[in-house]
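1. Starting from these lines, generate the structure:
(one chain, ligands or ions: 3)
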Amino acid sequence: MIRIAGGFFAVRDLEGREYLCRARGKLKQRRGGILVGDRVLIQQAAERGEKEQAGGGAGTGIIEELLPRKTALMRPPVANIDQLILVMALREPEPDWNLADRILVLAGEENLSVLCCLNKIDLVDDEERESISRLLEPFPYNLIWTSAKNGAGIGQLRERLHGKMSVFAGPSGVGKSSLLNAVQPGLSLKTGTVSARIGRGRHTTRHAELLPLSPEGLVVDTPGFSRISFTGLAPEKLGALFPEFAGHAGRCSFRNCSHIHEPGCAVREAAEMGKINSRRYEHYRLFWEELTAKER
Ligand SMILES: Nc1nc2c(ncn2[C@@H]2O[C@H](COP(=O)(O)OP(=O)(O)O)[C@@H](O)[C@H]2O)c(=O)[nH]1
Ligand SMILES: [Mg+2]
Ligand SMILES: [Zn+2]
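-> Ligands and ions are numbered 1, 2, ... in the order given. Now for the predicted structure:
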């Protein structure tokens, strides 16, 4: 399923033909319903003896079955992806590291590999870029610096998308659609303007859509979002979703250390010594408080 449009599910077959489909009611009960990226079995309308309404060359049909999912992400809602590309702009809008770390936690929950893409580097000078780089160190994910405007890092991004099924995530206005257009000019995705007053992008990408990349690959462009709250995540699972904790947690005095208040916590110590990024650790604390408050 490649896109939800006007109450229909758009499905593309292996030959690239599209079908606008309704779905059997029971299928909508699975977690998240039917997601972009879901593999489905459809019954073509023509085969069912119904009149084919070939609107825009697309056939019609009914989704009869959802095939098992490899992964399922709820924010943004997408199934079967291998890789999440987290996009933040260095300016316009200012980076939201709290939101970034939330997205990274959700990606970790689904075991997705992550590429972090810092875009709009054309808007900052070398000095500012250096200070942002220092602020992020040590950064436990793959990181590239890009500009959809002047082409910096686009080749690297293209390489990383090759042969994989990826999703672009991040706030609106950071340049997700622009980056995809730069990677593959034929896509001609609509891009927005950033409002000078609110510093946020307008939601030009309204629906998530699965797009084919040449020579090989699939990517989902998504509308941006500005807030994420966690649902159904147990606080004791959170530490494992900060991959940089793993090398230290074994030395905590308590075996089930929450890394918040226990004495002899090696993770907290590492954060104090700068071996773990202190801003990431602070977000860990914040998220942990949020999750435990929810449990109570
Ligand atoms: N200066 C600069 N502007 C960019 C860059 N990438 C995107 N933009 C602009 O940022 C705005 C939002 O881009 P868009 O791709 O729609 O963001 P999206 O909401 O994340 O898909 C548009 O006006 C783009 O022209 C970049 O690398 N540098
Ligand atoms: Mg967009
Ligand atoms: Zn600890």
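2. do stretch 155-172 and ligand 1 meet at all?
-> Yes - where contact is defined by Cβ under 6 Å from any ligand atom, part of stretch 155-172 touches ligand 1, namely S172. Bear in mind the C-beta positions are built from the backbone N, C-alpha and C, glycine included.
3. Could I get the CA-only coordinates of that stretch as CSV?
-> Coordinates of the C-alpha atoms in stretch 155-172 are reproduced here as CSV (Å, rounded to 0.1, in the frame of the first residue of the first chain):
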residue,chain,number,x,y,z
GLY,A,155,25.6,11.9,-3.0
GLN,A,156,26.1,10.3,0.4
LEU,A,157,22.4,10.4,1.1
ARG,A,158,21.7,8.8,-2.3
GLU,A,159,24.1,6.0,-1.5
ARG,A,160,22.5,5.4,1.9
LEU,A,161,19.1,5.1,0.3
HIS,A,162,20.1,2.6,-2.3
GLY,A,163,18.4,-0.7,-2.2
LYS,A,164,16.6,-0.1,1.1
MET,A,165,13.1,0.8,2.2
SER,A,166,13.5,4.1,4.1
VAL,A,167,11.3,6.6,5.7
PHE,A,168,12.0,10.3,6.2
ALA,A,169,11.0,11.7,9.5
GLY,A,170,11.3,15.0,11.2
PRO,A,171,9.5,18.3,11.7
SER,A,172,7.9,20.0,8.8
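4. so how far is it off the chain centroid?
-> 10 Å (Cα atoms, centre = their mean, to the nearest Å).
5. Equivalent analysis for stretch 27-34, please.
-> In terms of Cα atoms, centre = their mean, the centre of stretch 27-34 is set 20 Å apart from its chain centre.
6. Just grab the bridge partners of N119 for me.
-> According to DSSP bridges, the residues that bridge with N119 are A89.
7. Return the residues in contact with it.
-> Under the criterion of Cβ atoms under 8 Å, 6 or more residues apart in numbering, the contact list for N119 reads V87, M88, A89, L90, T146, S147, A148, V174, G175, S178, L179.
8. swap the cut-off to 10 Å and go again
-> With contacts defined as Cβ atoms under 10 Å, 6 or more residues apart in numbering, the neighbours of N119 are 87-91, 95, 144-149, 152-153, 157, 170, 174-176, 178-179, 182.
9. Now the buried members of those.
-> Burial by neighbour count, 16 or more other Cβ atoms under 10 Å: within these this picks out 87-91, 95, 144-148, 152-153, 157, 170, 174-176, 178-179, 182.
10. Show me how the record splits this structure into domains.
-> The chain breaks down by automatic domain parsing into domains covering 3-68, 73-221, 235-295.
11. which parts of the protein sit against ligand 2?
-> Contact residues, the chain versus ligand 2 (Cβ under 5 Å from the ion): K176, S177, T205.
12. picking up where we left off before, which of the domains of the chain sits closest to S229?
-> For those, distance to S229 was read as Cβ to Cβ. The smallest value, 7.4 Å, belongs to domain 235-295.
13. That closest one: end-to-end distance?
-> Domain 235-295 has an end-to-end distance of 9 Å (Cα to Cα, to the nearest Å).
14. from the middle of its chain, how far away would that domain be?
-> Using Cα atoms, centre = their mean, the offset of domain 235-295 from its chain centre is 24 Å.
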